[in-house]
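# Sequence first, then the predicted structure, then my questions.
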Amino acid sequence: MTQHSVYTITWKGFSANIRQLGAELCSFRDPQGQEYIWQGDPTYWAGNAPLLFPITGRLKDGAYTHEGQRYDLPPHGFAKRKPFRVEHQDARSISLLLEADEETLAVYPFRFRLRCRYALGDKGLTISREVENLDATTLWFSMGEHPGFSTSPFGSSLEDCELVFPKPQTADNLLVNSQGLLSSWESYLHQQDRIPLNRQVFQAKDSLLLEGLDAPWVALRGKGRDRGLRVGIEGFPVLVLWTPARGGDLICIEPWHGLPDPAEGTGELRDKPGIQRLAPGQAFSYQLKIELE
């Protein structure tokens, strides 16, 4: 088995560990040594915080079509399974790169450069992503975050915690079927500023795909507490919330630029809901902040 490196950055007592494989954040600790990232217990979920690229969610029949050719891709794409190379590292930040190669071109016929940067600051961690189109044709992609946060710093169980917005929100929940494909929607939040965490919700719905939020961040807190951990969501069209139905004290807070395939979709990559497009030479970027309150 190939051994991949893990890189550490530190700043004013904060620390973060990032894997070479998938450029995945696998630890974020505060100056007191408290860990906030789920540590990948395979009994419940083996991940930490995978990057989703070049798709988010599942494809209908596990494949898509582009210019008459069928390509198979696993859920959430291939970036999380690819080793990145270090572009730059200093004490408090690191930048990693992934570029198209023969393996990616076989399943995703586009030449791209994907840059991931992690930087620690006075309040926490900033994650920056950038996709560049190195091809002579339009680049079609989706991209998103899948960080898993331990609820242990905030309560003795998942149900002791809640998600809090800075102001009341109204949003729809996009429903998926048993294959993980978009099937319908429901009105979910009605001028509410918090979501109590309840595993029964996720046992019934698998995940929440919230569309229509208008908030710069959402905070994970213990119920009735006024401080916790903020996750930036400004500029993201969709916020996905997920926890394993079978257990585990974690909540994944996932801002996405993209969606799963619809159950009745065409299978064409360019028709995928939420798909992003880049002209030749263009770049797309965003930031995600994870900060203590």
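Nice, I can see it.
# For Met1, give me the pLDDT.
On pLDDT, Met1 comes in at 53.
# where does this structure have low pLDDT?
1 (pLDDT under 70).
# roughly how far is whichever helix or strand Leu125 is part of from the heart of the chain?
Taking DSSP states H and E as the criterion, Leu125 maps to strand 124-133. Distance, stretch centre to chain centre, for strand 124-133: 12 Å (C-alpha atoms, centre = their mean, to the nearest Å).
# so what does that strand touch, helix or strand wise?
Helices and strands touching strand 124-133, by 3 or more C-beta pairs under 8 Å, 6 or more residues apart in numbering; DSSP states H and E, are strand 14-19, strand 25-29, strand 112-120, strand 139-141, strand 143-145, strand 276-278, strand 283-292. (Each C-beta comes from the backbone N, C-alpha and C, glycine too.)
# Point out the most buried one among these.
Among these, strand 143-145 has the highest mean neighbour count (mean count of other C-beta atoms under 10 Å), at a mean of 26.
# what distance separates that one from the centre of its chain?
Worked out by C-alpha atoms, centre = their mean, strand 143-145 lies 4 Å from the chain centre.
# List the pairing partners of it within its sheet, with orientation.
Strand pairing for strand 143-145, determined by DSSP bridges: strand 51-52 (antiparallel), strand 250-257 (antiparallel).
# Of all these, which one is nearest Lys272?
Among these, the nearest to Lys272 by C-beta to C-beta is strand 250-257 (11.6 Å).
# related to what we said a few turns ago, now render the helices and strands packed on strand 124-133 as a markdown table, adding distance to Val164.
Formatted as a markdown table, the helices and strands packed on strand 124-133 follow (distance: least, C-beta to C-beta, whole Å):
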| stretch | distance to Val164 |
| --- | --- |
| strand 14-19 | 22 |
| strand 25-29 | 20 |
| strand 112-120 | 24 |
| strand 139-141 | 32 |
| strand 143-145 | 19 |
| strand 276-278 | 29 |
| strand 283-292 | 14 |
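# Done for today, thanks.
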